[in-house]
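Visitor: I would like to see how this sequence folds:
(2 chains)
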Amino acid sequence: DAGVIQSPRHEVTEMGQEVTLRCKPISGHDYLFWYRQTMMRGLELLIYFNNNVPIDDSGMPEDRFSAKMPNASFSTLKIQPSEPRDSAVYFCASSLGGAPTGYTFGSGTRLTVV
Amino acid sequence: GQQLNQSPQSMFIQEGEDVSMNCTSSSIFNTWLWYKQDPGEGPVLLIALYKAGELTSNGRLTAQFGITRKDSFLNISASIPSDVGIYFCAGQGYGGSQGNLIFGKGTKLSVKP
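Guide: Numbering: from 1, shown residues only, chains lettered A, B, ... in the order given. Modelled structure (predicted):
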């Protein structure tokens, strides 16, 4: 199993530009999570999906952030327009059965907005 | 909302020493998990705990689910240089949604050869 695959690994963009982060979960997993990690705030849950349906998006910072999961094997997190304070490492994770089984994380996308 | 307090924030130890870190919560959790994050990578699950009082080992790692359901600890025995990284506790609280884990802020471990 290739694990959770995220792309790109690194992204540098200018303030105001649109950024799209991509995630391919482990095949067969029914939960997908997007997290943001910063030194100040640690790991923050942004949104999660169950069977491709968004369940909880209360962690999405503001309307500039949006996430989609068009099918069981693909999800995107979009920031438009991006701002310097969005700079962080964004992780995608997937699991079978949700929290009790633990998550498998991808390697993350390090986003820098200048 | 529910929060986890993880301590210590960082540790600097000598190779061969034992390490202990813990997490506490003001509310009850029904699942505790411990993760390790290597530089440039995502967290990896080390140990999962599902019952109060449960003590589980994974090689040199031992973790326990506190009797009160409000705390958990992780011990690493005879540390080696590859133990370096950030260790996170995570928990699922009662009444929380099935999917949602809450993470501690992490304990950064440095091991001196």
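Visitor: residues in contact with residue 32?
Guide: By default, I'm working from chain A. Going by Cβ atoms under 8 Å, 6 or more residues apart in numbering or on different chains, A:Leu32 touches A:23, A:25, A:48-49, A:69, A:75, A:92-94. Any C-beta I mention is one placed from the backbone N, CA and C, and that applies to glycine too.
Visitor: um, chain B though
Guide: Here B:Trp32 is in contact with B:23, B:48-49, B:63, B:65, B:72, B:89-91 (criterion: Cβ under 8 Å, 6+ apart).
Visitor: over to B:Ala48?
Guide: Neighbour list for B:Ala48: A:100-102, B:31-34, B:56 [criterion: Cβ under 8 Å, 6+ apart].
Visitor: please, which helix or strand holds it?
Guide: strand B:44-49 (DSSP states H and E).
Visitor: quick check: what element follows that strand along the chain?
Guide: Strand B:44-49 is succeeded, C-terminally, by strand B:55-58 (DSSP H and E).
Visitor: from the contact counts, what lies against the helix or strand just after that following strand?
Guide: The helix or strand immediately downstream of strand B:55-58 is strand B:61-65, counting by DSSP H and E. If contacts are counted by 3 or more Cβ pairs under 8 Å, 6 or more residues apart in numbering or on different chains; DSSP states H and E, strand B:61-65 sits against strand B:29-37, strand B:44-49, strand B:55-58, strand B:71-76.
Visitor: would you list those strands in a markdown table and tack on mean pLDDT?
Guide: Output for those, formatted as a markdown table (pLDDT from 0 to 100):
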| stretch | mean pLDDT |
| --- | --- |
| strand B:29-37 | 93 |
| strand B:44-49 | 94 |
| strand B:55-58 | 95 |
| strand B:71-76 | 97 |
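Visitor: which parts of chain B sit against chain A?
Guide: Within chain B, the positions near chain A by Cβ under 8 Å from any Cβ of the partner chain are B:31, B:33, B:40-45, B:48, B:50, B:88, B:92, B:96-101, B:103-106.
Visitor: now, which of the contacts of B:Trp32 sits nearest A:Gly16?
Guide: Using Cβ to Cβ, B:Ala90 is the member of those that lies nearest A:Gly16, at 34.9 Å.
Visitor: find the nearest non-adjacent residue to the residue nearest the centre of chain A, please.
Guide: Central residue of chain A (Cα atoms, centre = their mean): A:Trp34, 3.2 Å from the mean position. In this structure, A:Trp34 finds its nearest non-sequential neighbour in A:Leu46, 4.4 Å apart by Cβ to Cβ, 6 or more residues apart in numbering or on different chains.
Visitor: buried residues in the helix or strand harbouring the one you found?
Guide: Secondary structure from DSSP H and E places A:Leu46 in strand A:42-50. By neighbour count on 16 or more other Cβ atoms under 10 Å in any protein chain shown, the buried set for strand A:42-50 is A:42-43, A:45-50.
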